[in-house]
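Enquirer: 3D model of this:
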Amino acid sequence: MKTKAIGVRSLNLIKNSILAIVSTLITLIIVEIILRLFLGHILYTGSKFRSLYYSNPNLEVLQDDNHSLYATHYKPNIPLRSITVYYNKVEYDTKQHTNNFGFINDVDYKKEDKSGVIFLGDSFTAGVGSNKPWLPMLNKKYPDINLYSMGVTGTGQENFYRLFDHYQDALNYDTVVIMSISDDLRRPLWYPVNKNGWLYFCRDREVTKECKHGKRIAGLIDYNIDRETLLLPEELYIYKAYGVLKSKYEAFKKAQEQKKATEKPKEKPIAKSEPVKNQKVVAQKPIPPKPIAKKAPPKKSGISLEYIAKIKELADAKGKRVIFVHIPEKGETQSGKYRYRVGDRIKAMGVEYHPILKDYQFDLSMFHVHDGHPNDKGYAYISSIIEDILKLQKQTKDE
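Expert: Coordinates of the predicted model:
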């Protein structure tokens, strides 16, 4: 009987163990599915959150007549590839080509006896994030006019001015369109530097090779690379979640220890003494009131319109028209307003100002899911807006 009872208990123990293992596995599978579907994006942080890759060669320094560093553009007549990875998934993988002037376009620029429009801008003007850059596509609809795209990724107003100054005499144009997002108004001048397989935006003009104050922007890759090799090895998301929780706990523990080390020990309260008889009471001097703290001056936005004025000056010397198109960034589209109010100041220069976020209907479906650049729908919409603005310009001129 004892042997039979022991056998039954052993069998039950085995069944319960198997049931526990199966239940645990099912729970882990359910947790894994939930993490992948709903919370997977939080498991990629820091450098794993976003990765940007450019084919090499890519950007280069444009030199002036004295062979000094002057401006940034793309290396002429080369294929370009851009790959952006968010949360270990490819957001976009685009292939483009540069022309003889070093701008994204399959058509070379030349001085022709017909109307022309020069577009100065950054990646939004260049069409980064799309395999079909919008300005060259728009130009095909209007063969009787040349639309010269001079968009270069990551650049700001000073680089716009320098490119315009360098190339304006080589082209025939009637109008200059500054295609600017708000961030372009505060970007400093920089030069591209390749270091150890990475592209840096370097602000040092004299010691560019050392790039003491550079910012690492993108990894440099071969144009024909298999993009899957850029992704991190696949792991169980449960394991990733454990790693994130562990790192957060360790960071919290370290912060608590640092806080404890810097805290001053609490002073013991001074015991109240009994008043002594016949003791003279000394009158205390009145404590002067604390001076009212002055309000800190508002923080400066850091924007500059200096080079817009310089572009206007160059254009005025040749009797050309200048238009400023304020392109909304993704965050501005979400909030419904621009970060900086610059319209009145730009108009005061005699430059046409078009706040297209207010004049047209933008929404988040016109941008990539994670990346801040427009998608094909967004670029097509911007193209239609520019088409509308240029038509209005023609109507005004005809009148």
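
Enquirer: Point out where the stretch 101-250 of the chain drops to low pLDDT.
Expert: 204-209, 212-213, 234-245, 247 (pLDDT under 70).

Enquirer: To clarify, my last question referred to the stretch 251-399 of the chain.
Expert: Using pLDDT under 70, the stretch 251-399 of the chain drops low at 264-301, 392-399.

Enquirer: need the strands for the stretch 1-150 of the chain, in chain order.
Expert: 50-55, 59-63, 69-74, 79-86, 89-97, 116-121, 146-151 (DSSP state E, counting those that start in this stretch).

Enquirer: Deepest in the core, which of the ones you listed is it.
Expert: For the strands of the stretch 1-150 of the chain, the largest average neighbour count (mean count of other C-beta atoms under 10 Å) is found in strand 146-151, namely a mean of 26. All C-beta atoms are positioned from the backbone trio N, CA, C, and that covers glycine.

Enquirer: which secondary structure elements does whichever helix or strand comes after that strand contact?
Expert: Using DSSP states H and E, the next helix or strand after strand 146-151 towards the C-terminus is helix 157-167. Helices and strands touching helix 157-167, by 3 or more C-beta pairs under 8 Å, 6 or more residues apart in numbering; DSSP states H and E, are strand 59-63, strand 69-74, strand 116-121, strand 146-151, strand 175-180, helix 306-317.

Enquirer: can you put the ones you listed in CSV and add distance to Ile386?
Expert: Below are the helices and strands packed on helix 157-167 laid out as CSV (distance: least, C-beta to C-beta, whole Å):
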stretch, distance to Ile386
strand 59-63, 25
strand 69-74, 21
strand 116-121, 8
strand 146-151, 9
strand 175-180, 7
helix 306-317, 18
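
Enquirer: Nearest to Gln334, out of these?
Expert: Closest to Gln334 of the helices and strands packed on helix 157-167 is strand 175-180 (C-beta to C-beta; 19.0 Å).

Enquirer: in its sheet, what does the closest one sit against?
Expert: strand 116-121 (parallel), strand 321-326 (parallel) (DSSP bridges).

Enquirer: Can you give me the buried ones in it?
Expert: By neighbour count on 16 or more other C-beta atoms under 10 Å, the buried set for strand 175-180 is Thr175, Val176, Val177, Ile178, Met179, Ser180.

Enquirer: residues in contact with the first one?
Expert: To tie it back to what came earlier, the one meant is Thr175. Thr175 makes contacts with Gly116, Val117, Ile118, Lys320, Arg321, Val322, Ile323, Leu390, Gln393, as judged by C-beta atoms under 8 Å, 6 or more residues apart in numbering.

Enquirer: can you redo the strands paired with strand 175-180 as a markdown table with distance to Gly350?
Expert: A markdown table is the format used below for the strands paired with strand 175-180 (distance: least, C-beta to C-beta, whole Å):
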| stretch | distance to Gly350 |
| --- | --- |
| strand 116-121 | 17 |
| strand 321-326 | 8 |
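
Enquirer: show me what contacts the nearest residue to Pro136 once chain neighbours are set aside?
Expert: Nearest non-adjacent residue to Pro136, counting by C-beta to C-beta, 6 or more residues apart in numbering: Asn105, 4.9 Å away. Listed by C-beta under 8 Å, 6+ apart, the contact partners of Asn105 are His97, Thr98, Asn99, Pro133, Leu135, Pro136, Ser149.

Enquirer: what about 7 Å?
Expert: Asn99, Pro133, Pro136, Ser149 (C-beta atoms under 7 Å, 6 or more residues apart in numbering).

Enquirer: just so I know, which of the helices and strands packed on helix 157-167 lies nearest Leu364?
Expert: Here strand 175-180 is closest among the helices and strands packed on helix 157-167 (C-beta to C-beta), at 20.3 Å.

Enquirer: Sheet-wise, list the partners of the helix or strand following the closest one with their directions.
Expert: The first helix or strand that comes after strand 175-180 along the chain, using DSSP H and E, is strand 191-195. Note on strand 191-195: by DSSP bridges, its sheet partners are strand 198-202 (antiparallel).

Enquirer: Other residues contacting the partner strand?
Expert: 54, 58, 154, 190-193, 208, 211, 214-220.

Enquirer: Which two among those are spaced furthest apart?
Expert: Thr208 and Gly219 (19.8 Å).

Enquirer: all strands of the stretch 201-350 of the chain, in order?
Expert: Under DSSP E, counting those that start in this stretch, the stretch 201-350 of the chain gives strands at 214-221, 321-326.

Enquirer: how about these in TSV, adding mean neighbour count and distance to Ile26?
Expert: Listed next are those as TSV, based on neighbours: other C-beta atoms under 10 Å; distance: least, C-beta to C-beta, whole Å:
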stretch	mean neighbour count	distance to Ile26
strand 214-221	18	40
strand 321-326	22	55
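
Enquirer: Compare those and report which one is nearest to Tyr379.
Expert: Judging the strands of the stretch 201-350 of the chain by C-beta to C-beta, what sits closest to Tyr379 is strand 321-326, at 13.6 Å.

Enquirer: quick one: the closest one to chain centroid distance?
Expert: Taking C-alpha atoms, centre = their mean, to the nearest Å, the mean C-alpha location of strand 321-326 is offset from the chain mean by 23 Å.

Enquirer: gap between stretch 169-184 and the chain center?
Expert: Its chain's C-alpha centre and that of stretch 169-184 lie 21 Å apart, by C-alpha atoms, centre = their mean.
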